[in-house]
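A.B. asks: Build me a structure from this.
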Amino acid sequence: MQDLWNFALELYARPGVEQACLELQDAGCDVCLLLTGAWLQDRGVRCLDERLHALTEVADPWQREVVSPLRQTRRHWRTAAGQDAQLAALREQIRKLELQAERVLLERLQTLAANWPDDEARDDWLLALAGENSAALQVLRGAARLA
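C.D. replies: Next comes the predicted model:
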């Protein structure tokens, strides 16, 4: 079984997935949860309400308290960093911290879901996590099927 981090990296690198994830993120979705859902779906893990709840219980506070503040700072500095080399260097460090924070979250989600049985379920984790279907979700779903 491929670990969640490497699965997420491979999926994210597929054509159209990065843009789809950014659109979903801008629409309020947690991309780490969506990548976890794609991983669970690929493994055939059944999507149950208590599992969705457990995932969000881990992800929500981490996103709110760690990832989002880093992302907001990085985005806020985008324009000014284009004209200030020192600020650009700091912004790059924040981008790396944001990525590391997402990796920690994916590791925590993998640990949570590690013992959930693979039972060849074909549940739609992505739709359950996104809340509604969209073109961006279709791109992610299609790329995940190729994983």
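A.B. asks: low pLDDT regions in the protein?
C.D. replies: Residue ranges of the chain with pLDDT under 70: 1, 146-147.
A.B. asks: Now the spatially most central residue of it: closest residue in space that isn't a chain neighbour?
C.D. replies: Within the chain, one residue has its C-alpha closest to the average C-alpha position: by C-alpha atoms, centre = their mean, that is C32, at 1.9 Å. Spatial nearest neighbour of C32, excluding adjacent residues (C-beta to C-beta, 6 or more residues apart in numbering): L105 at 4.9 Å. Bear in mind the C-beta positions are built from the backbone N, C-alpha and C, glycine included.
A.B. asks: so where does that neighbour fall, helix or strand?
C.D. replies: Assigned by DSSP states H and E, L105 belongs to helix 85-113.
A.B. asks: Pretty sure the residue nearest to the centre of the chain sits against R103.
C.D. replies: No: at 9.2 Å, C32 and R103 do not qualify as touching, with contact defined as C-beta atoms under 8 Å.
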